[in-house]
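S.K.: I need the structure of the sequence given here:
(one chain, ligands or ions: 1)
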Amino acid sequence: MKSFKLLSIVVIVAFLLAACGGGATAPKELKIAVLAPLSGPVPTFGEMTRDGALLAIEEWNAKGGVLGMTLVPVVEDSQCTPDPAVNAANKVVNQDKVHYIIGEVCSKASIPISEIANAAKVIQISPTSTNPSVTVDGNGITKPYIFRACFIDPFQGLVGAKFAIEKIGAKTAFVMVDQANDYVKGLAEFFEKAFTEAGGTIVGTESYTGSDTDFSAILAKIADAKPDVVYLPDYYNIVNLAMQQAKEKGITTPFLGGDGWDSADLNLAAAAGGYFTNHYSPDDPRPEVQDFRKAFEAKYNGKTPDALAALAYDATNLMLSAIKAAGADDTDKVKAALEAITFNGVSGTITFDASHNPVKSATILKVTAEGVKFEAVVNP
Ligand code: PHE
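M.R.: Residues are numbered from 1 along each chain as shown. Next up, the predicted model:
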């Protein structure tokens, strides 16, 4: 009888310990920060990025999370602008104690975020920031904890220049540039270099600022210079204004741009006749693209995923695959896993070079009044 009582007490105590302690049985959580421009000049970039990342997280959680941990997204609005981006990065690193960041979209926001993440040994994968300075410092040294899922602008500028010369038949180009935007400034320079090296002539380069709304002075110079192509490597909000005003002035010169044109809010009527380089086309028949498109449209009421959504989905899957391969929530192990990974994504196969940049193909798209059409794929 005595031993029975003792046994009962042992059983009850053991039960209570298990119930209260919870250490072994309660599911653990792993936070993944998503820093995206949900407000500010380019909100479609932020919404698509958030939606792509959340789809990937939902799919992993449905399969049991990663290493037995449930994934918890921490979404912050970093506004495509340095100061809000720094605040968002400090918040998720210091307050939420995240070890992993997906974001930002815009290079000028990703660069300051990378300084904070790298110093804290937090892994950052930017899905879409294409300026070289996101992953390397001023001395060309790779930031150990910073990666991206997209190609970089020296390649994007070269693809644009070659397309201008070989497909548009351009011999002369006029370049419009916002000197305060790292992405625009860098891409303009890489285009000018590649266009000139391929035998073309730059007949004018004119600067504006991101808050300008009247481009008539620059457009008057374009009308005088009569270039074969105008290179405008900015985001859709500026493209909409400048191309609308060019149409009103009767300028028929084709405009060419970069990935920043990719938005459901690109004004098709204004931008018709233009071309842009991009990371992906939703019409690509590869099964990776079509499976992703189907899942995304099912979750988001039929909304078609653009390159931002595809790359955020890839960046998140890449991060989670590396955590799984590393076998632990340990950013030193995860960065080593990323450096060794071969990842087959929606936007192509990703392996990293020494600067933590994937080597990937680019897609060229043509804008028509009816929509954006696939034009060509260019391999590195
Ligand atoms: N590449 C741009 C940048 O670095 C961001 C961007 C990517 C915008 C893809 C649209 C589509 O700032």
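
S.K.: what does the chain have sitting close to the ligand?
M.R.: 45, 105-107, 128-131, 183, 259-260, 262, 307-308 (Cβ under 6 Å from any ligand atom). Where you see a C-beta, it was placed from the backbone N, CA and C, and this is true even at glycine.

S.K.: out of the residues you listed, which are inside helices?
M.R.: F45, S107, Y183, A307, L308 (DSSP state H).

S.K.: Surely the third one and D153 touch.
M.R.: Yes - assessed by Cβ atoms under 8 Å, Y183 is found in contact with D153 at 7.2 Å.

S.K.: so what sits against both of these two?
M.R.: Common neighbours of Y183 and D153 (criterion: Cβ atoms under 8 Å, 6 or more residues apart in numbering): T130, N131, G258.

S.K.: By neighbours, which of the residues you listed wins?
M.R.: Neighbour counts for those peak at T130, which has 30 neighbours (criterion: other Cβ atoms under 10 Å).

S.K.: leaving aside the residues next to it on the chain, what's closest to it?
M.R.: Nearest in space to T130, with sequence neighbours left out and distances taken as Cβ to Cβ, 6 or more residues apart in numbering, is D153 at 4.7 Å.

S.K.: what's near enough to touch that neighbour?
M.R.: So D153 contacts T130, N131, P132, Y183, G186, L187, F190, G258 (Cβ under 8 Å, 6+ apart).

S.K.: ok, which pair from those is furthest apart?
M.R.: Of all pairs drawn from those, the greatest distance, 14.1 Å, lies between P132 and G258 (Cβ to Cβ).

S.K.: For the ligand, what's the nearest residue on the stretch 201-350 of the chain?
M.R.: Closest to the ligand within the stretch 201-350 of the chain is D259: 3.6 Å, counting by Cβ to the nearest ligand atom.

S.K.: Just grab the bridge partners of the nearest residue to that residue once chain neighbours are set aside for me.
M.R.: Spatial nearest neighbour of D259, excluding adjacent residues (Cβ to Cβ, 6+ apart): N278 at 5.1 Å. For N278, the beta-bridge partners are T363 (DSSP bridges).

S.K.: what number of residues lie near the residue lying closest to F352 once chain neighbours are set aside?
M.R.: Leaving aside its sequence neighbours, F352 sits nearest to E339 (Cβ to Cβ, 6+ apart; 5.8 Å). Per other Cβ under 10 Å, the neighbour tally for E339 reads 16.

S.K.: hang on, isn't E339 packed against T351?
M.R.: No - counting by Cβ under 8 Å, T351 is not a contact partner of E339; they are 9.3 Å apart.

S.K.: Report the separation between the residue nearest to the spatial centre of the chain and D329.
M.R.: In the chain, the residue lying closest to the centroid (Cα atoms, centre = their mean) is T128, at 1.9 Å. Distance of T128 to D329, computed by Cβ to Cβ, to the nearest Å: 25 Å.
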